[in-house]
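1. give me a 3D structure for the following:
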Amino acid sequence: MKTALITGATSGIGKSTAIELAKHNINLILCGRRQERLDALQKELSNSVNVYTLCFDVRSKEDVFNSIENLPKQFAKIDILINNAGNAHGLDPIQTGDLDDWDAMIDINVKGLLYVSKAVIPKMITQQSGHIINIGSIAGKEVYPNGNVYCASKHAVDAINKGMQVDLNQYGIKVGAINPGLVETEFSKVRFKNDDERANNAYKGLNPLTPEDIADIIAFVLTRPYHVNIADLIVFPTAQASSTVVNRSL
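-> The predicted structure follows:
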C-alpha cells in the first residue's frame, strides 16, 4: 500500500482528497492546523486505511521539518505528496492592499509549499520514486483585477511546479499541477474574512466545482500508469471560461 501526505487536509479539497484516496487503499498522513478536525477525519477513515495526523502550520519551517522527519516508521516512506495548503486573503487593489494579507499569502502559498516539499523530496530521491501534485489555481495562469499578490503567489506555484519537473526528472519522480477555477469551499470565507454575503456572492447564479470534483481528478492523475504523467491541468466549472468570464445563468 502506498502512503500519501496531504497538506491542508482539514477542509475543502484536502479533506475530500483524503476521503477519496482512502477508497483507493492509500494510507494517509493528514496535515493541518486544526487538531480537532484532523482527529475527526482520522476517526472517519481509520476503518479503511492507516491514518496519521500532523498538526502544524506550513509557515513554520521548524514545525514542518520536525514533524515530517519524526514520522513513525510505518509512515516514513512517503509515495505521494499533495501540496494543497493555501489561502487567499483580501481582494484589494495593489495600492490599498494589506501587508499582513500579503505576508500570509506568500508565506502559506509559496514558502509553505517549499518547506513541505523540501522535507519530503529527499525521501523520494532515496526511494527513486514518488509522485508530487501541486494544487495551483487559474490565478497562476491569469491575473485578474484586485488579484495582484494572490495571483503572484499562484504564478510562483506554477513556476515551482515546472522547476520540480525539470529537477526531479532524473530520479523518476512524477510531478504535476492541478489548477482549478471556481471551487466552492471555505476559500471565499477566508478571502472575505468571514463576510458571508461577499463569500456567497462569489458562487451566486452558477454551479461551481466541488472539492469532490478535484479529489476525483487527483485520484485519476495518481492512478495513471507509471509512464504517464499529467504535468499541468486546468479545470473549470462549465459556467466559467476564464478568471473574469463567468456565465451566471448556468
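2. what about the nearest residue in space to residue 226 that is not next to it in sequence, neighbour count?
-> Take residue 226 and drop its neighbours on the chain: the residue closest to it by Cβ to Cβ, 6 or more residues apart in numbering is residue 174, 7.8 Å away. For glycine as for every other residue, the C-beta is placed from the backbone atoms N, C-alpha and C. By other Cβ atoms under 10 Å, the residues close to residue 174 number 24.
3. for the most centrally placed residue in the chain, give me its contacts.
-> Closest residue to the average C-alpha location of the chain: residue 84 at 1.3 Å, with Cα atoms, centre = their mean. Residues counted as contacts of residue 84 (Cβ atoms under 8 Å, 6 or more residues apart in numbering) are 6, 7, 8, 9, 13, 14, 17, 135.
4. ranges for the helices of this protein?
-> 12-23, 35-45, 61-69, 99-105, 113-127, 148-168, 187-191, 196-201, 211-222 (DSSP state H).
5. looking at those helices, which is buried most?
-> Ranked by mean neighbour count, those are led by helix 12-23 with a mean of 23 (mean count of other Cβ atoms under 10 Å).
6. what packs against that helix?
-> strand 3-6, strand 27-32, helix 35-45, strand 80-83, helix 211-222 (3 or more Cβ pairs under 8 Å, 6 or more residues apart in numbering; DSSP states H and E).
7. neighbours around the closest residue in space to residue 57 that isn't next to it in sequence, how many?
-> Distances taken as Cβ to Cβ, 6+ apart place residue 33 nearest to residue 57, at 5.2 Å, with adjacent residues excluded. For residue 33, the neighbour count with other Cβ under 10 Å is 15.
8. give me the pLDDT for residue 33.
-> Looking at residue 33, its pLDDT is 95.
9. next one: residue 187
-> 74.
10. then residue 211?
-> According to the prediction, residue 211 has pLDDT 97.
11. surely it touches residue 10?
-> No: look at residue 211 against residue 10 with Cβ atoms under 8 Å: they stay out of range, at 11.9 Å.
12. for the closest residue to residue 101 other than its chain neighbours, give its distance to residue 82.
-> Spatially, and ignoring its direct neighbours in sequence, residue 101 is nearest to residue 89 (3.7 Å; Cβ to Cβ, 6+ apart). In this structure, residue 89 and residue 82 are 22 Å apart, going by Cβ to Cβ, to the nearest Å.
13. when the two are compared, which one has more neighbours?
-> residue 82 (29 against 21).
14. from residue 136, how far off is the nearest residue to the more buried one once chain neighbours are set aside?
-> Excluding the flanking residues, the one nearest residue 82 by Cβ to Cβ, 6+ apart is residue 6, at 4.4 Å. Distance, residue 6 to residue 136, by Cβ to Cβ: 16 Å.
15. repeat that for residue 219.
-> For residue 219, the distance to residue 136 - Cβ to Cβ - is 18 Å.
16. residue 209 too?
-> Distance of residue 209 to residue 136, given as Cβ to Cβ: 14 Å.
17. which of the two has more neighbours?
-> The neighbour comparison of residue 209 against residue 136 (other Cβ under 10 Å) goes to residue 136, with 27 against 22.
18. got the contact list for the more buried one?
-> Per Cβ under 8 Å, 6+ apart, neighbours of residue 136: 154, 157, 158, 161, 177, 178, 179.
19. dump the helices and strands packed on helix 12-23 to JSON lines, plus distance to residue 71.
-> JSON lines is the format used below for those (distance: least, Cβ to Cβ, whole Å):
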{"stretch": "strand 3-6", "distance to residue 71": "9"}
{"stretch": "strand 27-32", "distance to residue 71": "7"}
{"stretch": "helix 35-45", "distance to residue 71": "15"}
{"stretch": "strand 80-83", "distance to residue 71": "13"}
{"stretch": "helix 211-222", "distance to residue 71": "20"}
